[in-house]
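Chemist: A structural model of the following input is requested.
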Amino acid sequence: MVHDLIQRLKTEYSDEGFEELYRLYADRAIRTATAVTGSAASAADVVQETFIRVYRNLGSYDLSRPFDPWFNRILYNECNRYLKKHSRMVPSEISEERDLPSETDTYDFDRHGEVYEMVQRLDDEHRIPVILKYLNDFAEKDIADMMELNVNTVKSRLFRARKKLKEWMLQKRGGNQHGT
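Modeler: Numbers count the residues shown, from 1 in each chain. The predicted structure follows:
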């Protein structure tokens, strides 16, 4: 379905076709960008830029390759571009000034708010693979391709992130790793 849509858009652009592409990818893109940037407003900007770049570069997209990794790479690059541009303004820890997803968001971070806040405290190197793996259900190989890393590096970062999250959860509950 997506392949046919992309092929049609490459052959003859139409607003309706691009709108269909947007509907297919926007929710997941916004969910990912919100988790990466920590802000629903920033995520909207990132996703808008992502779709602009998709539109501009659709002509160079290779139809023999899957579309999802190509799209996700553009989204990942836009998230990185945003984080670099706003690095001085984005706090490394969760704070009240930081926009977290609102109650009206279609995805349910509130149900896992404590974990979400802890994930946001991770540095980008560890936070982004966790988001891609556990929020978007990407395989380690896909994450490695997107981030231009070795698969073992991604696995290592995921391992370290899970270890850090476990430590923080145990500290929050007043225990230690040995259950005391």
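Chemist: where does this structure have low pLDDT?
Modeler: Within the chain, the segments meeting pLDDT under 70 span 87-113, 175-180.
Chemist: tell me where it has helices.
Modeler: For the chain, the helices defined by DSSP state H occupy 2-11, 15-37, 40-57, 67-85, 113-121, 124-130, 140-147, 151-172.
Chemist: make CSV out of those helices and add mean neighbour count.
Modeler: For every residue, glycine as well, the C-beta is placed using N, CA and C. Converted to CSV, the helices of the chain look like this (neighbours: other CB atoms under 10 Å):
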stretch, mean neighbour count
helix 2-11, 13
helix 15-37, 18
helix 40-57, 17
helix 67-85, 18
helix 113-121, 17
helix 124-130, 20
helix 140-147, 18
helix 151-172, 15
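Chemist: centroid-nearest residue for this structure?
Modeler: Thr32 (3.0 Å; CA atoms, centre = their mean).
Chemist: how near is that one to Asn80?
Modeler: Computed as CB to CB, to the nearest Å, the Thr32 to Asn80 distance reads 12 Å.
Chemist: returning to what we had before: name the nearest residue to the residue nearest to the centre of the chain, ignoring sequence neighbours.
Modeler: Closest residue to Thr32 apart from its sequence neighbours, by CB to CB, 6 or more residues apart in numbering: Asn136 at 5.6 Å.
Chemist: how many neighbours does the one you found have?
Modeler: Residue neighbour count, defined by other CB atoms under 10 Å, stands at 16 for Asn136.
Chemist: for it, what are phi and psi?
Modeler: Here is the backbone geometry of Asn136 (degrees, to the nearest 10): phi -110, psi 0.
Chemist: nothing else from me, thank you.
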